[in-house]
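S.K.: Give me a 3D structure for the following:
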Amino acid sequence: MSDLVTFDQARLGYGRRAVLTDISFSIPKGDFLGLVGPNGAGKTTILRTILGSLRPLGGTVEVTPGLRFGYVPQRDSLSYDFPLTVQEVVLMGRYDRIGLGRRPTADDRRLATLSLEHVGIASLAARQFADLSGGQKQRTLIARALVGTPDILVLDEPTNGMDLVSTIHILGLVRELYERDGLTVLMVSHALNEVANYVERIALVMEGMFRIGSVDEIMNEPTLSKMYGIPVDVESMNGHRIVLARRGVSQGTHDHA
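M.R.: Below you'll find the model as predicted:
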């Protein structure tokens with residue numbers, strides 16, 4: 001199994017300030033990795049380095065030449081003040097191939113329709129994007145990422161601000177894309193309890209610390225207690241693992257499990 005992205009003793013940060021040091025891991029083809037941690041811990045720094053917008057301060061980060069990313073940004077980071085239909089938003093994922101000033105071809109529109117069908121919202125193609133629910137908007141943005149036929153699908157906080165039902169549907173969709181299409185997936189999230197039940201591996205970033213492994217290797221009490229700095233319990237409910245602060249322990253600032 002070939003590695004698409006490899007970090008080797010990388011030091012990551014901004015200017016002269018290192019946020020994370022000695023980071024070594026890889027993302028092999030066919031992986032489903034959850035990059036998890038609280039805001040400010042370094043998730044975005046790792047993500048920006050993978051996407052190529054940030055260079056490492058030391059060590060090496062290698063990305064397979066020509067690797068195509070299908071990037072799904074946080075919904076609240078987008079502003080669509082001008083009217084766009086769902087299909088028009090999805091077609092944005094073809095712009096790097098269509099070229100500036102050129103109109104989408106019939107083939108581009110066909111691929112956009114197929115992407116919408118793939119995420120289950122083909123019937124919404126003519127709707128205004130701004131009028132959609134949070135879950136529908138997220139499916140649209142995933143379709144926009146897929147229409148570019150990516151090698152790796154990257155989702156940044158895909159369930160942020162969603163209710164429980166929408167969260168389950170979106171995470172289920174991403175898991176389905178991974179299993180059905182063999183997509184390599186990187187999902188960034190602050191919600192360990194959500195991500196842990198869908199991904200294959202977890203990279204946990206906590207206040208300068210980094211640990212990566214299978215779900216079993218990360219979702220256990222010794223590992224998480226060390227990473228969080230407080231005793232935690234890992235309980236199973238209906239087949240899902242949930243991390244809880246041990247009774248009698250104040251969570252304080254460690255309430256991001």
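
S.K.: what's the burial count for the closest residue to Asn39 other than its chain neighbours?
M.R.: The spatial neighbour of Asn39 that comes closest, neighbours along the chain excluded (Cβ to Cβ, 6 or more residues apart in numbering), is His190 at 6.2 Å. Heads up, the C-betas are built off the backbone N, CA and C, glycines and all. By other Cβ atoms under 10 Å, 18 other residues sit near His190.

S.K.: Against His240, how distant is His190?
M.R.: 18 Å (Cβ to Cβ, to the nearest Å).

S.K.: Just give me the neighbour total for His169.
M.R.: His169: 17 neighbours (other Cβ under 10 Å).

S.K.: May I have the phi/psi pair for it?
M.R.: Per-residue torsions, His169: phi -70, psi -40 (degrees, to the nearest 10).

S.K.: If we ignore the residues flanking it in sequence, what's nearest it?
M.R.: Gly135 (5.9 Å).

S.K.: pretty sure that neighbour contacts Met162?
M.R.: Yes - shown here, Gly135 and Met162 form a contact pair, counting by Cβ atoms under 8 Å, at 6.5 Å.

S.K.: and for those two, which residues touch both?
M.R.: Ile170 (Cβ atoms under 8 Å, 6 or more residues apart in numbering).

S.K.: Confirm that Asp8 sits in a strand.
M.R.: Yes - using DSSP: H, G, I helix; E, B strand; the rest coil, the assignment for Asp8 is a strand.

S.K.: Please report the distance of Asp76 from Met162.
M.R.: From Asp76 to Met162 the distance is 11 Å (Cβ to Cβ).

S.K.: neighbour count winner among these two?
M.R.: Between Asp76 and Met162, counted using other Cβ under 10 Å, Met162 has the larger neighbour count: 20 against 10.

S.K.: separation between the more buried one and Gly120?
M.R.: In this view, Met162 and Gly120 are 16 Å apart by Cβ to Cβ.

S.K.: repeat for Glu157
M.R.: From Glu157 across to Gly120, the span is 21 Å (Cβ to Cβ).

S.K.: Of these two, give the one with the bigger neighbour count.
M.R.: Glu157 (21 against 14).

S.K.: I figured that one hits Ser189, correct?
M.R.: Yes - judged on Cβ under 8 Å, Glu157 makes contact with Ser189 at a distance of 5.8 Å.

S.K.: on that earlier part again, Three-state assignment for the residue nearest to His169, please.
M.R.: Gly135 is classified as helix under three-state DSSP.

S.K.: Report the contact partners of it.
M.R.: Per Cβ under 8 Å, 6+ apart, neighbours of Gly135: Met162, Ser166, His169, Ile170.

S.K.: Ok, Leu33 next?
M.R.: With Cβ under 8 Å, 6+ apart, Leu33 has these contacts: Ile27, Val185, Leu186, Met187, Val199, Glu200, Arg201, Ile202, Ala203, Ile212.
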